[in-house]
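> Got a predicted structure here, sequence first:
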Amino acid sequence: MLRQGLLMARGLCQLMSNKLSDSLHRNIMKHLNGNTRSGYAWTSLQNIRAVTMSPWPFTPSQPRDYSLPNASWSSEMQRLYEHYNNMCEMETEGGKKIKGAWRRLPSYNRSLKYATGGQCLSKLLQGKARIFTRNIEEQGAGFEYVVFINKQEKTCVCVFQAGHLLEGPPGHVHGGAIATIIDSVTGTHATYLSGPVMTANLTINYRSPIPLGSVVLVHSSLDKTEGRKTFLSCQVTNTDGSKMHTEATGLFVSIGVGHLLGL
Ligand SMILES: CCCCC/C=C\C/C=C\C/C=C\C/C=C\CCCC(=O)SCCNC(=O)CCNC(=O)[C@H](O)C(C)(C)COP(=O)(O)OP(=O)(O)OC[C@H]1O[C@@H](n2cnc3c(N)ncnc32)[C@H](O)[C@@H]1OP(=O)(O)O
């Protein structure tokens, strides 16, 4: 039973990795392959195939990508999206398109949907579960955001528009919502750099309130890695960078699949 559970978990994670960026996929699989922390050495790829290639009960469909523009985005949100998106792909003089330094990360409302076929799996496993930042159906009411990663500089930027359901102090964003977007951006960045991680520590200094409905930039940068630990810094500023809203540091610890299964 335990062996089958572990095989299934690894199979799931492999499925989950299918649509992630090459680097994210490579990192996740490297960590899973090296995982002997539970005293269990992972078995061969054939075994995983035996689990993941079984007949599929539903027709797969493409999940909604929440990081793409929608009607609730303000002109400033749209402008910044286009600014970073234009740096994801560059056109040479000859009209040839080449890859830019930045990359937009897709965003789904369940982790499982990052996988080919995960759309179906997400209906089977805890069907009502939703990623915290993507659980409000009304567009523009909660967290509207898009994350871009710069592979060379090991930095990450998120364009974030805070909706009216995130109110804390009158007319301003709740500190917990600010912590949530910081955790999500730095957690995504750490996963991209180091494979599967969990937040071990998040230290936040709130410098100036963020007006509801405004657009801010959430910058994340790598400070250092030490063994299983990835240390990141984060700043939330207004869109021209002249006002610091929030500063944070985060520690993310690499985990194996067994950790989430309680092994
Ligand atoms: C697994 C498959 C995942 C597949 C993912 C696939 C797709 C994902 C796709 C995209 C990613 C997208 C989004 C990510 C978005 C959001 C991120 C949200 C993240 C969260 O929202 S996550 C929830 C909140 N999070 C927790 O619920 C953690 C509870 N916690 C624990 O689960 C353990 O506590 C853990 C694992 C943290 C460590 O436990 P552990 O047993 O593995 O390791 P251990 O304790 O030995 O620590 C090892 C070294 O870290 C040092 N260390 C530990 N904790 C420290 C602390 N607080 N301060 C300073 N140092 C600390 C030790 O001192 C030691 O340091 P040293 O090695 O130098 O001695």
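Yep, that arrived. Numbering: from 1, shown residues only.

> Does the nearest residue to residue 92 once chain neighbours are set aside belong to a helix, a strand or coil?
Excluding the flanking residues, the one nearest residue 92 by C-beta to C-beta, 6 or more residues apart in numbering is residue 98, at 6.0 Å. For glycine as for every other residue, the C-beta is placed from the backbone atoms N, C-alpha and C. Classification of residue 98 using DSSP: H, G, I helix; E, B strand; the rest coil returns strand.

> For beta bridges, what are the partners of residue 98?
Note on residue 98: beta-bridge partners by DSSP bridges are residue 90.

> I'd like to know how far it sits from the ligand.
In this view, residue 98 and the ligand are 26 Å apart by C-beta to the nearest ligand atom, to the nearest Å.

> who touches that residue in this structure?
With contact set as C-beta atoms under 8 Å, 6 or more residues apart in numbering, residue 98 has these partners: 89-92.

> Nearest residue to the residue of the stretch 151-263 of the chain found nearest the ligand in space, ignoring adjacent ones along the chain?
Closest contact between the stretch 151-263 of the chain and the ligand, by C-beta to the nearest ligand atom, is at residue 187 (2.5 Å). Distances taken as C-beta to C-beta, 6+ apart place residue 199 nearest to residue 187, at 5.9 Å, with adjacent residues excluded.

> residue boundaries of the strands in the chain?
89-91, 97-99, 102-105, 143-150, 155-162, 197-206, 215-226, 229-238, 244-254 (DSSP state E).

> got the contact list for the longest helix anywhere in the chain?
Longest helix in the chain by number of residues (criterion: DSSP state H): helix 175-194. With C-beta under 8 Å, 6+ apart as the contact definition, helix 175-194 has outside contacts at 21, 23-24, 27-28, 31, 105, 132-133, 143, 145, 147, 149, 154, 156, 158, 160, 162, 166, 168, 197, 199, 202, 204, 206, 210, 218, 220, 222, 225, 230, 232, 234, 236, 245-246, 248, 250, 252, 254.

> Right, I'll call it a day here.
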